[in-house]
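**Q** Using only what follows, build the 3D model:
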Amino acid sequence: MTGMLVLLLIMLRTTGLTASCTCSSRCHCQNMGLSSVPRDLPTYITHLHLENNFITTLSPSDFSRYSILYYLFLTSNQISVINSRAFYNLNRLKWLKIDYNQLTSLREDMFVGLVNLERLWLANNNIHSIEAGAFNATPQLRKLTLPYNSISSIAAGAFVNLSRLELLVLYFNQITSLRVGMFAGLYNLPSLSLQYNNINSIDAGTFNTLQLRNLSILYLSNNNIGTFAEGAFVNLPHLNTLHLQYNSMETLPAIAYDILANISTVDITNNPWQCDCRMLPFKLRMTGSYSFESQITCAGPSHLQGKNILWDINPDDLICEETTTGIYSTPSTSSPVDHKNFFMLKLLLIHDVMLGNKSSVKSTLCAQRRVRTKIHAE
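**A** Residues are numbered from 1 along each chain as shown. Predicted coordinates:
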């Protein structure tokens with residue numbers, strides 16, 4: 001009873017130090033219209049709730065009294081400035097929530113002192129860039145969430161000291177390209193979320209064993225990826241889930257078949273697949289053994305639109321038609337497209353002969369003769 005009375009007296013004494021904050025080991029200062037971090041709270045607090053206020057700037061003096069904080073919640077303020085070493089005295093902090101604020105960049109000196117930080121929430125800010133070494137001071141970080149920002153630039157080495165990171169969320173940003181070095185240091189990251197960006201290119205080697213050796217799940221859906229980056233996925237031995245749906249891919253090279261076949265769960269649906277001669281080498285690899293083979297529905301050419309390349313289309317249907325843009329002088333003149341079709345049909349003929357498919361050999365020979373006649377037409 002005496003202990004409870006003492007605790008009650010402490011709470012009554014501390015309530016009113018800053019308006020009506022209610023403090024024990026946890027201090028609740030939410031929704032109080034504060035424009036700065038209170039500096040007269042008890043020094044023994046381990047949790048500090050400052051959500052839904054009007055704080056704009058964080059400075060080292062704001063937290064100098066609260067060195068045993070474990071949890072700091074700053075969600076839904078107006079923070080646009082975090083001064084260098086603002087968190088320097090918070091070396092016990094485990095969780096830091098700064099989501100729904102107005103930060104525009106992440107600097108190397110921003111998180112100095114947070115040597116034991118494990119979770120960092122930065123969603124729904126206005127972050128455009130992440131500088132190299134931005135997380136050098138947070139080696140224990142395990143979960144980092146950065147969705148719903150405006151990130152377009154991630155410097156090589158931005159995550160270099162995050163070898164313990166288990167979750168990195170970057171969806172709904174404005175990233176346009178993935179470059180070598182961008183994810184260096186994320187040795188133990190199992191999952192990477194990059195969906196809903198504007199990614200249109202992936203450098204070969206962006207994802208490799210030296211940088212993401214334990215990556216098992218990669219989300220790249222809802223981007224603008226137009227080509228299958230052959231060298232991007234070859235050095236990911238633990239990758240078992242790859243999401244590439246809702247991108248801008250039109251064709252797949254033959255080598256993509258082997259890469260996708262080694263990944264247990266693949267989603268390449270809802271891409272604008274063009275079922276022409278460029279898809280023939282990939283089609284020739286198809287056996288129906290993998291689920292991704294049935295996920296390619298033709299968006300073009302028009303006479304094949306809506307058809308499934310595995311079930312509805314024969315290899316000799318995959319031809320490239322001459323364009324109608326007026327680039328060729330006369331209809332009778334052979335075009336580069338004709339030569340490409342002839343080459344593709346030659347590949348198809350070899351494939352049919354090796355399989356002993358007599359009926360297909362006959363139709364392929366007929367198609368080859370038609371193309372040869374056109375090439376030699378005067």
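
**Q** residue ranges with poor pLDDT in the stretch 151-300 of the chain?
**A** 209-210 (pLDDT under 70).

**Q** can you map out the helices along it?
**A** Listed in chain order, the helices of the stretch 151-300 of the chain (DSSP state H, counting those that start in this stretch) span residues 254-261, 280-285.

**Q** got the contact list for the longest one?
**A** To tie it back to what came earlier, the one meant is helix 254-261. Where contact means C-beta atoms under 8 Å, 6 or more residues apart in numbering, the residues beyond helix 254-261 that reach it are 228, 230, 233-234, 242, 266, 268, 281-282, 284-286, 289-290, 292. For glycine as for every other residue, the C-beta is placed from the backbone atoms N, C-alpha and C.

**Q** hmm, 6 Å instead?
**A** 228, 230, 233, 266, 281-282, 285, 290, 292 (C-beta atoms under 6 Å, 6 or more residues apart in numbering).

**Q** Which of these sits closest to Ala155?
**A** Phe233 (23.2 Å; C-beta to C-beta).

**Q** show me where the stretch 251-378 of the chain has strands.
**A** 265-267, 273-274, 298-300 (DSSP state E, counting those that start in this stretch).

**Q** export those strands to CSV and tack on distance to Asn125 and mean neighbour count?
**A** Formatted as CSV, these follow (distance: least, C-beta to C-beta, whole Å; neighbours: other C-beta atoms under 10 Å):
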stretch, distance to Asn125, mean neighbour count
strand 265-267, 30, 17
strand 273-274, 37, 20
strand 298-300, 37, 17
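
**Q** looking at the helices of the stretch 151-300 of the chain, which is buried most?
**A** Stretch with highest mean neighbour count among the helices of the stretch 151-300 of the chain: helix 280-285 (a mean of 21; mean count of other C-beta atoms under 10 Å).

**Q** export that one as PDB, just CAs?
**A** Extracted in PDB, the C-alpha atoms of helix 280-285 (Å, rounded to 0.1, in the frame of the first residue of the first chain):
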ATOM      1  CA  LEU A 280      10.600 -17.900 -79.500                       C
ATOM      2  CA  PRO A 281      13.800 -18.900 -77.700                       C
ATOM      3  CA  PHE A 282      11.900 -18.800 -74.400                       C
ATOM      4  CA  LYS A 283       9.000 -20.700 -75.800                       C
ATOM      5  CA  LEU A 284      11.300 -23.400 -77.000                       C
ATOM      6  CA  ARG A 285      12.400 -24.000 -73.400                       C
END
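
**Q** count of residues packed around His47?
**A** 16 (other C-beta atoms under 10 Å).

**Q** Let me fix that, I meant to ask about His238.
**A** For His238, using other C-beta under 10 Å, the count is 12.

**Q** Compute the distance between the residue nearest the centre of the chain and Ser177, please.
**A** Nearest residue to the geometric centre of the chain (C-alpha atoms, centre = their mean): Leu194, 1.3 Å. Separation of Leu194 from Ser177 (C-beta to C-beta, to the nearest Å): 11 Å.

**Q** all strands of the stretch 101-250 of the chain, in order?
**A** Under DSSP E, counting those that start in this stretch, the stretch 101-250 of the chain gives strands at 105-106, 119-121, 129-130, 143-145, 153-154, 167-169, 177-178, 191-193, 201-202, 217-219, 241-243.

**Q** got the contact list for His238?
**A** When contacts are counted by C-beta under 6 Å, 6+ apart, His238 touches 214, 216.

**Q** Show me the shaky parts of the stretch 1-150 of the chain.
**A** In the stretch 1-150 of the chain, residues with pLDDT under 70: 1-19.

**Q** Identify the bridge partners of Cys27.
**A** Legend: beta-bridge partners of Cys27 under DSSP bridges are Cys23, Leu48.

**Q** That one contacts Leu48, correct?
**A** Yes: counting by C-beta atoms under 6 Å, Cys27 does reach Leu48; the two are 5.1 Å apart.

**Q** okay but Thr75 is in contact with Asn52, surely?
**A** No: if you go by C-beta under 6 Å, Thr75 and Asn52 don't touch, sitting 7.4 Å apart.

**Q** What are the buried residues along stretch 126-145?
**A** The neighbour-count check on stretch 126-145 (16 or more other C-beta atoms under 10 Å) flags 127-138, 140-142, 144-145 as buried.

**Q** Fine by me, we can end here.
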